[in-house]
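*Asks:* Structural data only, the sequence is not supplied:
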């Protein structure tokens, strides 16, 4: 069975989105800077990671704001949306979105079943990511530390209980520092 991996880009001051997230600014004001490294020349370092993803868990707001840009599932694998509003699955070109109303444990369980021996990627918004972390469902945390200060917005790791992490890898590039940690249980 694969791992449950929380993955996100954060500013040096810990924000995973800038202020005023909405239709005009899906990543918040200034938040698009957090993902510029993905599109930089030579950024195919994450190709192996992407190949290991068998399912995705994301929050409803991430789904609502991201779908118009992705026009498909964010990865070509089944995606599970944490939400309070039930709705039928949404078939896309690459895979489908399943809307899970009974919490992070159910969403991760369904994603694990769909992923088989591959990893489950949690790329939820900050609130949903924290729900998955609080439930003790994350095996590994991968952060891309971006050299920018956003000053406000949504902090990815705010309000969590103390959790021991084991550093697995630190890799720097011109645009970002990749940090990888195992959650110690």
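*Replies:* Right, received. Where do you want to start? Predicted model only: the values in this text are computed from it and were never measured.
*Asks:* Residue 129 contacts residue 8, correct?
*Replies:* Yes. Taking contacts as CB atoms under 8 Å, residue 129 lies within contact range of residue 8: 6.8 Å. Any C-beta I mention is one placed from the backbone N, CA and C, and that applies to glycine too.
*Asks:* Compare the two (neighbour count), which wins?
*Replies:* More crowded of residue 129 and residue 8, by other CB atoms under 10 Å: residue 129, with 28 against 19.
*Asks:* Following element in sequence after the host helix or strand of that one, please.
*Replies:* Here residue 129 sits within helix 126-134, counting by DSSP states H and E. Downstream of helix 126-134, the first helix or strand assigned by DSSP H and E is strand 140-146.
*Asks:* Just checking, which helix or strand succeeds that next one along the chain?
*Replies:* Using DSSP H and E, the first helix or strand after strand 140-146 is strand 154-155.
*Asks:* And the helix holding residue 129, what does it pack against?
*Replies:* strand 4-11, strand 15-17, strand 53-59, helix 60-70, strand 79-82, helix 104-115, strand 119-122, strand 154-155 (3 or more CB pairs under 8 Å, 6 or more residues apart in numbering; DSSP states H and E).
*Asks:* What does the pLDDT read for the residue nearest to the spatial centre of the chain?
*Replies:* Computing the C-alpha centroid of the chain and ranking residues by CA atoms, centre = their mean puts residue 123 first, at 1.4 Å. Looking at residue 123, its pLDDT is 90.
*Asks:* lowest-pLDDT helix or strand in this protein?
*Replies:* helix 47-51 (a mean of 65; mean pLDDT, DSSP states H and E).
*Asks:* Many thanks, I have nothing further to ask.
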